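A.B. asks: predicted coordinates and the sequence they were generated for:
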Amino acid sequence: MTEKAHHPEDITRLFVERANAGDAEGIAALYEEDAVMAYPPGRQTVGRSAIRSLWEQVLAQAPHFELEDPLPTLVSGDIALTSTPAKDGTGIRAQVVRRQADGSWLRLLDQPESNPKT
């Protein structure tokens with residue numbers, strides 16, 4: 001069984017573990033069915049299936065991901081905002097996550113690259 005995010009901050013760790021394992025299906029499982037990801041740059045990928053397909057393409061290049069130090073998580077009820085300064089210089093990564101009926105958390109909105117200087 002795939003580990004679930006029990007805290008909003010768990011999603012980033014699970015993403016890194018699954019990405020480095022080449023697990024596009026596992027990455028997609030971190031997103032709600034109708035999630036929106038602002039990637040590739042200048043475009044949006046909408047829905048878990050499309051996000052899985054995108055990650056299959058990205059992971060085919062065997063990139064390596066590192067865990068980034070999170071900024072403080074903001075929580076309001078069942079919604080949270082998580083963010084990390086990107087080690088690769090692409091700015092701040094930000095995600096809106098939502099608590100699910102079973103208490104776990106999934107990404108609803110994902111902004112993996114946001115560099116206001118460009």
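C.D. replies: Structure received. Numbering: from 1, shown residues only.

A.B. asks: use CA for all of it now, contacts and neighbours both
C.D. replies: Fine.

A.B. asks: where in the chain is pLDDT low?
C.D. replies: 1, 114-118 (pLDDT under 70).

A.B. asks: which residues are contacting stretch 63-73?
C.D. replies: By Cα atoms under 8 Å, 6 or more residues apart in numbering, the surrounding residues in contact with stretch 63-73 are 8-9, 12-13, 16, 19-20, 80-87.

A.B. asks: again, 7 Å this time
C.D. replies: 13, 16, 19-20, 80-87 (Cα atoms under 7 Å, 6 or more residues apart in numbering).

A.B. asks: check stretch 84-104 too.
C.D. replies: Counting by Cα under 7 Å, 6+ apart, the neighbours of stretch 84-104 from elsewhere in the structure are 4-8, 68-71, 78-83, 105-115.

A.B. asks: ditto for stretch 22-35
C.D. replies: Stretch 22-35 has contacts (Cα under 7 Å, 6+ apart) with 11, 15, 18-19, 46-48, 51-52, 55-56, 59, 106-109.

A.B. asks: hmm, 6 Å instead?
C.D. replies: By Cα atoms under 6 Å, 6 or more residues apart in numbering, the surrounding residues in contact with stretch 22-35 are 15, 46-48, 52, 55-56, 59, 106-109.
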